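S.K.: no FASTA, just this:
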Ligand SMILES: *Cc1c(COP(=O)(O)O)cnc(C)c1O
């Protein structure tokens, strides 16, 4: 489509580094900048920006910074690791309307914690986890929005279901009535090459459209959670309805991504992508 992003390195250079946010004003500025980029990406492909929800991702940042983000208007924060999320939730229960989205891989033995404090879980990729979450949620008397994570990059190490397995997985979801399936989630390949990133998003969108012909009762596949700081505009061009953005709001993370994704350190082009956006201080 004309006007779509063709060069990620140029895009990152244009938007500069990820500035650290250390005050409410910083967060307001970064949030506004991301929202502007969401609006521009929607315009390029004729979408309504109201269709795109921005999920701020607060992993690795401390409680003080999360409170600043809250003061700047964030009411739902994404966290990748259960223990870190739980610790922050416990420390911040005074903010009664602050909700938590767990966006990282979950082991069944942590389902209990997630069922207690999260309002959303975006990385559902096994029936065992679905079962564990559902039984804990029944005990808690709660329900939870969930996204089915799909591996669209074909990287063996990435979490998520293979695209061919998603139909059967979705068909099994009505057995877990506390899980409100909202849609699909994916992480694109880490690359500065748009030609390798965009197909991941296209794959998720096309998979979803095929699945729409046969969606079980009580399951929705309307939502597509795809795109993060480095690639959210491309994801929006390809139909994202949720973008998970950390660094462009909170500032560059010191933590290597390998901590969150087992093999992030083996992805050859990640470095190139980051070089253009990482502050030198
Ligand atoms: C950290 C993370 C993001 C956000 O990444 P940024 O580069 O900080 O925008 C998105 N999705 C998942 C699953 C993550 O763990």
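M.R.: Yep, that arrived. Everything numeric in this text was worked out from a predicted model, so none of it was measured.
S.K.: going forward, measure contacts and count neighbours with C-alpha atoms only.
M.R.: Fine.
S.K.: helix, strand or coil: sort out residue 224 for me.
M.R.: strand (DSSP: H, G, I helix; E, B strand; the rest coil).
S.K.: which residues does it contact?
M.R.: 183-185, 204-205, 239-242 (CA atoms under 8 Å, 6 or more residues apart in numbering).
S.K.: at 10 Å instead, please
M.R.: If a contact means CA atoms under 10 Å, 6 or more residues apart in numbering, then residue 224 has 52, 147-148, 182-186, 201, 204-205, 208, 235-236, 238-243 as its contacts.
S.K.: please tell me how far it sits from the ligand.
M.R.: From residue 224 across to the ligand, the span is 13 Å (CA to the nearest ligand atom, to the nearest Å).
S.K.: before we move on, what about residue 209?
M.R.: Using CA to the nearest ligand atom, residue 209 is found at 22 Å from the ligand.
S.K.: contact partners for that residue?
M.R.: With contacts defined as CA under 10 Å, 6+ apart, residue 209 is in contact with 203, 221-222.
S.K.: now do the buried residues in the helix or strand in which it is found.
M.R.: Using DSSP states H and E, residue 209 sits in helix 194-211. Residues of helix 194-211 classed as buried: 194, 197-205, 207-208, 211 (neighbour count, 16 or more other CA atoms under 10 Å).
S.K.: cool, stretch 125-132 as well?
M.R.: By neighbour count with 16+ other CA under 10 Å, stretch 125-132 contains the buried residues 125-126, 129-132.
S.K.: contacts only, for residue 205.
M.R.: Contacts of residue 205 (CA under 10 Å, 6+ apart): 184, 199, 211, 223-224, 226, 235, 238-240.
S.K.: show me which of the contacts of residue 224 are buried.
M.R.: Neighbour-count burial (16+ other CA under 10 Å) applied to the contacts of residue 224 gives 52, 147-148, 182-186, 201, 204-205, 208, 235-236, 238-243.
S.K.: quick one: which of those sit in strands?
M.R.: Those of the buried ones among the contacts of residue 224 mapping onto strands are 147-148, 182-185, 242-243, per DSSP state E.
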